[in-house]
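Need coordinates for the following:
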Amino acid sequence: MSHSPAAAMEASPALVFHTLMAYQQTAALRAAIQINLFGAVGDGPADAATLANRCGASERGTRILADYLTVIGFLIKEDGVYRHSPTSQAFLDPRSPACIASTANFLSAPEMLEPFRHLDKVVRDGRTVLPGDGTVEDENPVWVEFAHSMAPMMAPVAAPLGGAVLRWRSGPMRVLDIAAGHGLFGIEIAKQNPEAHIVGQDWAPVLDVAHANAVKAGVADRYERLPGSAFDVEYGGPYDAVLLTNFLHHFDHATCVGLLKKVRAALKPGGVAATLEFVPNDDRVSPPMAATFSLTMLASTASGDAYTFRELAAMHNEAGFARMEDPIPVGPHTVVIGRNAE
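Now for the predicted structure:
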């Protein structure tokens, strides 16, 4: 049985043209965020001239951009007046608590886009054209941008992950948050459990962002920083839980097993390792967001991939974990829990 959307449609060149021109959608959305068009629309429905004035942009440019965004579904236009679509109101208007507009700074950063200009070479070589290990090269500044920009996108996932960890461990506990980035996952556990002490591990400039978020959340007195490489620093411990969020996908199977062995050694008996990943089904073409993430890893890393649950379970088993819990879907992500022997 085919899972390809193309299998259900008549032959047409439309998909070819749509895909070849898709870069314009990225550019249009990024431009709208940069000139604060969605904030201007949030000031009230308005025509192109009014929106241009609010944005400090040309009327012609604003009209054409707003029309394009209407065509692709981000705005609604009636009688020459533009207003929010449900999507732009919830996720792109700066007034919305769910606004994720800042993610454009990371997702369309030059370091993220450059490899796709040479994807034919990437496919031939089987690895990124970026220097060294790609985006995971030591102390890559792109991760500071990630920590600043991607927190709004990850915030809705943090609470379910925290709940999944606290289902197994509660009361006084120490939690190691590996490659903490913005720090929201460890911070969420500290918020849900006032007896939890968090150790955030990442490069020092990234941990500055995480610590600032801990201050905002009121848990800085229970947030400790462990700067350096996840592969080189001594973790200390033992820990009740270790978080591995959006990290394993950057590396090959053997590297992940080696890291998981180090994680297991830092856990208390019965401790848990909580991994958050894009996890495709065994067919590797569904669900769409998890399945297509492997292309991002091909373009940006030397050996990363989007791993199935079967593959993640095999890594944990090779690393010596006693058992794997059933995967927990969390939006496009999946939480995978490995338990240490009692």
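
Spell out, range by range, the helices that occur in the stretch 1-150 of the chain.
Assigned by DSSP state H, counting those that start in this stretch, the helices in the stretch 1-150 of the chain fall at 14-20, 23-34, 37-42, 48-55, 59-71, 86-91, 103-107, 110-113, 119-125, 142-149.

And the fifth one, what's buried?
For helix 59-71, a neighbour-count test (16 or more other Cβ atoms under 10 Å) marks 62-63, 65-66, 68-70 as buried. In short, each C-beta sits where N, CA and C put it, glycine included.

now the helices of the stretch 1-150 of the chain as TSV including distance to residue 217 and mean pLDDT?
Rendered in TSV, the data for the helices of the stretch 1-150 of the chain read as follows (distance: least, Cβ to Cβ, whole Å; pLDDT from 0 to 100):
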stretch	distance to residue 217	mean pLDDT
helix 14-20	41	94
helix 23-34	26	96
helix 37-42	26	98
helix 48-55	33	98
helix 59-71	34	98
helix 86-91	22	97
helix 103-107	20	90
helix 110-113	28	86
helix 119-125	39	97
helix 142-149	15	85
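
Pick the most deeply packed of the ones you listed.
Comparing the helices of the stretch 1-150 of the chain by mean neighbour count (mean count of other Cβ atoms under 10 Å), helix 37-42 ranks first with a mean of 23.

Quick one: distance of the longest helix anywhere in the chain to the chain centre.
Using DSSP state H to define each element, the chain has its longest helix at helix 151-166. The chain centroid and the centroid of helix 151-166 are separated by 12 Å under Cα atoms, centre = their mean, to the nearest Å.

Outside of that helix itself, list whatever touches it.
98-100, 102-103, 175, 181-182, 184-185, 187-189, 191-193, 213, 241, 243, 245, 272, 274, 276, 328, 330-331, 333, 335, 337 (Cβ atoms under 8 Å, 6 or more residues apart in numbering).

Any buried residues in that helix, and which?
Applying a neighbour-count criterion of 16+ other Cβ under 10 Å, one finds 151-155, 157-162, 164-166 buried in helix 151-166.

low-confidence ranges in the stretch 101-250 of the chain?
Across the stretch 101-250 of the chain, not a single residue meets the criterion (pLDDT under 70).

hmm, 80 instead?
Low-confidence segments of the stretch 101-250 of the chain (pLDDT under 80): 138-140.

Model confidence score at residue 10, please.
We have a pLDDT of 80 for residue 10.

how much space is there between it and residue 16?
Look at residue 10 and residue 16: by Cβ to Cβ, to the nearest Å, they are 14 Å apart.

same thing with residue 103?
With the distance defined as Cβ to Cβ, residue 103 ends up 28 Å from residue 16.

do residue 193 as well
Taking Cβ to Cβ as the measure, residue 193 and residue 16 are separated by 52 Å.

now swap in residue 133 and tell me
34 Å.

And residue 96, by the same measure?
Computed with Cβ to Cβ, the distance linking residue 96 and residue 16 is 35 Å.

quick one: secondary structure of residue 290?
The three-state assignment at residue 290 reads helix, by DSSP: H, G, I helix; E, B strand; the rest coil.

can you check residue 176 too?
strand.

Could you report the neighbour count for it?
Close neighbours of residue 176, defined as other Cβ atoms under 10 Å, add up to 28.

Out of the buried residues of helix 59-71, which is nearest to residue 36?
Of all these, residue 62 has the smallest distance to residue 36: 11.3 Å, by Cβ to Cβ.

Quick check: that closest one touching residue 51?
Yes: between residue 62 and residue 51 there is a contact at 5.2 Å, judged by Cβ atoms under 8 Å.

who does the longest strand belonging to the chain touch, helix- and strand-wise?
Among the segments of the chain that qualify as a strand by DSSP state E, the longest is strand 267-277. In terms of contact count using 3 or more Cβ pairs under 8 Å, 6 or more residues apart in numbering; DSSP states H and E, strand 267-277 is assigned the packing partners helix 151-166, strand 239-245, helix 253-265, helix 309-318, strand 333-339.
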